[in-house]
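**Q** structure, please.
(2 chains)
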Amino acid sequence: MQITVKLFAFFRENRFKVEEREIDEATTIGDIVDQLAISREEVGVLMLNSRHTDFAVRPAPGDILAIFPVIGGG
Amino acid sequence: MADKIYRVNMTTLTTSVEAVPAAWAGHGGRGLTSTIVAAEVEPTCHPLGAKNKLVIAPGLLSGTVAANSGRLSIGAKSPLTGTIKEANAGGTAAQLLARAGCKALIIEGLPKGDAWYSLALTPEGVTIQEESELIGKGNFAVVETLGKRFTEKLGVLTIGQAGEMRMRAANISIKDPDGGLRSCGRGGLGAVMGSKKIKFITVNPKDGKVAIANPEKFKEANKAFSKALVDHPVSQALGQYGTNVLVNIINESGGLPTKNFTGGQFAGHESISGETMHDTISQRGGKVKHNCHAGCVIQCSQIYNDAGGKKLTSGFEYESIWAMGADCCVDNLDHIALADKLMDDIGIDTIETSVAMGVAMEAGVLPFGDGLGICRILEEEVAKGTTLGRIIGNGAGSVGIAFGITRVPVVKNQAIPAYDPRAIKGIGITYATSTQGADHTMGYTIATNILSVGGKVDPLTNVGQVELSRNLQIATAAIDSTGMCLFIAFAALDNAACLPALIDLINARYGLSLTGDDVVNLGKYILKTERAFNTAAGFTAADDRLPEFFYTEPLPPHNVTFDFKGEEIDTFWNF
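**A** Reported below is the predicted structural model:
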């Protein structure tokens, strides 16, 4: 199945901004982060379809996953 | 040298230097400005009349080498909200005022006649001079001219045309180390300075230094404190992308107010994002990192150049970029940067004015997306004080009234900043209950609602939001008293070593033995003092509410409303 993965801030460096990605049903968000060679420790926020989520969740077809490092501002 | 209170009476054009009353001794920054305003200003007075006072105070740690301690607090009764007000900013003035031995500068009264004045503060006292050359000029001309007029390196506080015309969105600008400007932006404090006919204030500490009661302990505490700041990943990302790193994440969350608060996501978000801004700055030879005051270890500011490589603006913040960008549907970062520079020059709050532009766009004054139209209105209407310019310069509420618009995003007449309270509910509690009108910095629940800093509270449910906002508002009031930049809060929320190191710094500076409980109690005291002022000015719980449309118009993409009952909001004050 296909999902959309979006990366932000320095996670984009040597990777991508947005990518359609083929995954199987058993794949968790944590697996995707690992496949992208992003350290889970560096992940600040995960959103699936604009809702906060976590590493253990398995995306459904057509989902949009956004991966952010620890960031802040104001 | 013992700190003193410097007092200026603009009615009699006299000045004095006074000992610090015992009740004020433990206060600095916001705690001190609010204590003095509450003690000396009649709550029902006209904010632009003779009875209001402008109070300027460095923080408890300003003037020391403590990291990030260069924030200056300015307080008064706000002409925009009618509440008590404190706005703080970086720049060099806080450090220099503290080194001059100034605990607070209190400016009272109104001069008779049409003359304008400037003030010059040194350790010996304040002198008042008549000023004519710079009247009618923008802030950049003030800073540049004063750089030539005086040979010493001075701190400068200045108002632009907006402050001179007593517009309710007028700010007070503070010179930064490179001649750029930082702004005490919110609540129209520039109009209070303008009402007192003061164009600028210079600060010269001469060879003054801040006394440290226990230098060894201070040094040790500063080392631990700086390390906590530098180590936190938020600090690192702020240095790389600036505060504008937030555009994409707030957009993704569905809480980025768009097209005058009719949507929660902006199609043009990528072109105004922190990531795009970082790349643009790098390509054009600007500066990705810049400190607004000496001693800042985060360096979230930057210098943004135009396509020709010439400096366009600095201190280009998320709030300003969101307000002109998503809220006005402008997706051209250069147009936003030009508008930012113009607002710095005119001396007007970028949040209030840009939200006012969004309301004006809904009214049909100019089309959504017209970035150059915003710049034209700023230059030709606001700076010149035309009728339209004054309507916009008096803020979003003023535009709503003038054009009969009901979707006016203000609380206590102050524009709501860059987070929609329907999709990020904790910040709605802060907007509603803040003692100073809608202001994200009063209790930044975004940290916990969106950024997962200091724990996690789901932004889309009502559970835990009142408590979150209360705890953050209490902590913020205390931090705002130290002279510290609020961005230390990210480290303080996550790193157990940060806050104790900050308390150690205060104890070492003054020879005290404050504890964490004392700091919490200080925050509570400040909020209660501010609220008591507002109650005496006529504010009630009915003012602690959001505008009607937030309760009735669902916000896409989550299609949610703000659905707190009044009595739930009121439990905020149960402490």
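
**Q** interface residues of the stretch 351-500 of chain B facing chain A?
**A** Where proximity means CB under 8 Å from any CB of the partner chain, the interface of the stretch 351-500 of chain B facing chain A comprises B:440-441, B:444, B:446-447, B:450-453, B:456, B:458-460, B:486-487, B:490. All C-beta spots, glycine's among them, are computed from the backbone N, C-alpha and C.

**Q** wait, residue B:374 sits on residue B:367?
**A** No. Counting by CB atoms under 8 Å, no contact exists between residue B:374 and residue B:367, whose distance comes to 10.6 Å.

**Q** those two: which has the busier surroundings?
**A** Looking at residue B:374 and residue B:367 with other CB atoms under 10 Å in any protein chain shown, you find the greater number of neighbours at residue B:374, namely 28 against 10.

**Q** now do the same for the more buried one: its pLDDT.
**A** Residue B:374 is assigned a pLDDT of 98 by the prediction.

**Q** please, which helix or strand holds it?
**A** For residue B:374, the enclosing helix or strand under DSSP states H and E is helix B:371-377.

**Q** quick one: buried residues of that helix?
**A** Judged by neighbour count (16 or more other CB atoms under 10 Å in any protein chain shown), helix B:371-377 contains these buried residues: B:371, B:373, B:374, B:375, B:377.

**Q** other SSEs contacting whatever helix or strand comes next after it?
**A** Heading C-terminal from helix B:371-377, the first helix or strand you meet, by DSSP H and E, is helix B:387-393. Packed against helix B:387-393, as judged by 3 or more CB pairs under 8 Å, 6 or more residues apart in numbering or on different chains; DSSP states H and E, are the following elements: helix B:350-362, helix B:371-377, helix B:396-403.

**Q** ok, now which ones touch the spatially most central residue of chain A?
**A** Most central in chain A under CA atoms, centre = their mean is residue A:67, positioned 3.9 Å from the mean C-alpha point. By CB atoms under 8 Å, 6 or more residues apart in numbering or on different chains, the contact set of residue A:67 is A:5, A:6, A:7, A:8, A:11, A:33, A:36, A:38, A:43, A:45, A:46.

**Q** what's the most distant pair in those residues?
**A** In the contacts of residue A:67, two members sit farther apart than any others by CB to CB. They are A:36 and A:45, at 15.2 Å.

**Q** for the closest residue to residue B:499 other than its chain neighbours, list the residues it contacts.
**A** On the basis of CB to CB, 6 or more residues apart in numbering or on different chains, the spatially nearest residue to residue B:499 that is not a chain neighbour turns out to be residue B:492, at 4.9 Å. When contacts are counted by CB under 8 Å, 6+ apart, residue B:492 is found next to B:228, B:475, B:479, B:498, B:499, B:502.

**Q** hang on, the earlier thing: of the contacts of residue A:67, which are in range of chain B?
**A** Taking CB under 8 Å from any CB as the test, chain B is in contact with A:6, A:8, A:45 out of the contacts of residue A:67.

**Q** the residue of the stretch 301-450 of chain B found nearest chain A: neighbour count?
**A** Nearest to chain A, among the residues of the stretch 301-450 of chain B, is residue B:318, at 5.0 Å (CB to the nearest CB). Counted by other CB under 10 Å, the residues lying close to residue B:318 total 25.
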